[in-house]
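Colleague: Make a model of this:
(one chain, ligands or ions: 1)
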Amino acid sequence: MTHTIALCHWINGQKIEADRPSQSLNPSDTRETVAAMPDGGSAEVDAAVDAARAAFPAWSEASPEVRSDVLDRAGTLLMERRETVGRLLSREEGKTLAEGIGETARAARILKYFAGEALRLHGQNLPSTRPGVEVQTYRQAVGVYGLITPWNFPIAIPAWKMAPALAFGNTVVIKPAGLTPATAEALVAILHEAGLPDGVVNMVIGRGGVGQALVDHPGVDGLSFTGSQGVGAGVAMGAAKRQARVQLEMGGKNPLIVLDDADLDRAVQIALDGSFFATGQRCTASSRLIVQDGIHDRFVAALADKVKSLRVGDALDPDTQMGPAVSEAQRDGVYGYVDIAREQGGRIVTGGERLNLDKPGWYVQPTLIADTTADMRINSEEVFGPVASTIRVKDYEEALTLANGTEFGLSAGLVTQSLKHARDFQRRSRSGMTMVNLPTAGVDYHVPFGGSRKSSYGPREQGFAAADFFTQTKTSYSAG
Ligand code: UN1
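Modeller: Numbering: from 1, shown residues only. Here you go, the predicted structure:
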């Protein structure tokens, strides 16, 4: 039995004690409380924003080497502790230990990547239209960023929002997801251990009220949010009201097209990974499998075999291939969508039953639903669980039209051996990211991440694009 972590807010480099009315539970065994946590509100947000504002001048004016060193040291510490932090992540979120350790290592690499980016912030030097005049652009820190992060990547997403914010000289207040605060806290603690000055990163733990207080706070210059579409829309409206910068990453209904010429085994493995790994709880997960007539039946049969044999169990058990859903509400939402799909005429090929294992946890059966059509709810709403539905199509053009036919546009995949179709897909897919012969989920950290339409709003995250959101451009004219 592991002890319950008593979480505190972090304000101005101090751990702030408070009552801890809520808990985060282990979704693999809900008898275990991972952490007891405070429930912050606008008073804590005010104090955190004050601390972030006070820390901003020194941090933004420090040599980029200072910022780079902190991020680099934090990356090293996190990489060294990836097993313990990854274990905590798996206990709190429910993804398998391999996935938890992998995500922690990814967060460490993100910190190190942005340690380098701190030194590479660059502008432009242009001729003016007026003789004797020079124009330069350079990028400057903006101020205080409010970061609102989700439970499904409890360390990677805090890292990929905090690291660029800090690298370019901003200070932050982060509100981690209420289901996974202990994992986020581990990252905040490591940043301080790595030498982060007081007040540069502040964390307020709590529910939606904390997020709302950040959105409304006049001292917060920019907001970066990852979460559901509905909440995201509210964040954007709140930001627009007071002209704060805003960046949203929201849902997906990501298509994976499988054409007749695809290698069957490869297509099945790509669908399995994209739809079911991390329990399908990725905004990049493949949920609509759009399959051409000639390969359809073989593909559905082969994928069903693999899905059926996935070992669902305790995230920490080394034999487990798929952990539980993160919470009861999430699990019930998955069941609800499977029931709706069944009622609307979908054929459950495998899964779809309630799953009870030998311990109380939010386990779900990985589920494959065939014979669905584009107008069914299972093909238009985000399930965020281990469920994939197949749609049969006659050719590539029909597949592309369906793939583009939702209000989302995050990631889209194509499995084919045809260069012609691959290149056409890269151009005509309306998603922000396209994957040819790869799962829709699983992205690199040094290139832009984001989608179109209802999936994303505002500048891209990650890679070299992160500077667009976390800096502002100054245009300087001078004459000799
Ligand atoms: C990935 O596919 O590797 O919340 C990352 C999410 C995304 C991140 C996906 N923002 O699932």
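Colleague: what sits against Leu56?
Modeller: I think there's a mix-up here, since residue 56 is Phe and not Leu. Listed by Cβ atoms under 8 Å, 6 or more residues apart in numbering, the contact partners of Phe56 are Ala141, Gly143, Val144, Asn170, Thr171. Placement of C-beta: from N, CA and C, glycine included.
Colleague: What about those residues, which one has the most neighbours?
Modeller: Thr171 (30 neighbours; other Cβ atoms under 10 Å).
Colleague: How about it: which residues does it bridge to?
Modeller: Beta-bridge partners recorded for Thr171 (DSSP bridges): Val144.
Colleague: wouldn't it be in contact with Gly199 here?
Modeller: Yes: look at Thr171 against Gly199 with Cβ atoms under 8 Å: they come within range, at 6.6 Å.
Colleague: which residues are common contacts for the two?
Modeller: Ala52, Ala55.
Colleague: Just send the contacts of Phe56 back as JSON lines, with distance to the ligand too.
Modeller: Shown next, in JSON lines, are the contacts of Phe56 (distance: Cβ to the nearest ligand atom, whole Å):
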{"residue": "Ala141", "distance to the ligand": "24"}
{"residue": "Gly143", "distance to the ligand": "24"}
{"residue": "Val144", "distance to the ligand": "23"}
{"residue": "Asn170", "distance to the ligand": "20"}
{"residue": "Thr171", "distance to the ligand": "23"}
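Colleague: Among those residues, give me the pair with the biggest separation.
Modeller: Farthest apart among these by Cβ to Cβ are Ala141 and Val144. That separation is 9.9 Å.
Colleague: Now the common contact residues for these two.
Modeller: Counting by Cβ under 8 Å, 6+ apart, the shared contacts of Ala141 and Val144 are Phe56, Asn170.
Colleague: Could you confirm Arg266 falls within a helix?
Modeller: Yes: under DSSP: H, G, I helix; E, B strand; the rest coil, Arg266 sits within a helix.
Colleague: Report pLDDT for it.
Modeller: What the model reports for Arg266 is a pLDDT of 98.
Colleague: please begin residue numbering at 21 from this point
Modeller: Sure, I'll start numbering at 21, so the last one becomes Arg286.
Colleague: Give me the distance between it and Val327.
Modeller: Computed as Cβ to Cβ, to the nearest Å, the Arg286 to Val327 distance reads 16 Å.
Colleague: State the helix or strand in which the closest residue to Ser496 other than its chain neighbours lies.
Modeller: Nearest residue to Ser496 in three dimensions, chain neighbours excluded: Gln156, at 4.7 Å (Cβ to Cβ, 6 or more residues apart in numbering). Assigned by DSSP states H and E, Gln156 belongs to strand 153-160.
Colleague: Can you pull out the residues in contact with that strand?
Modeller: Counting by Cβ under 8 Å, 6+ apart, 80, 141-148, 188-189, 487, 491-499 sit against strand 153-160.
Colleague: can you tell me the average pLDDT over stretch 179-193?
Modeller: On average, stretch 179-193 scores 98.
Colleague: Asp293 - that's part of a helix, no?
Modeller: Yes: residue state for Asp293 (three-state DSSP) corresponds to a helix.
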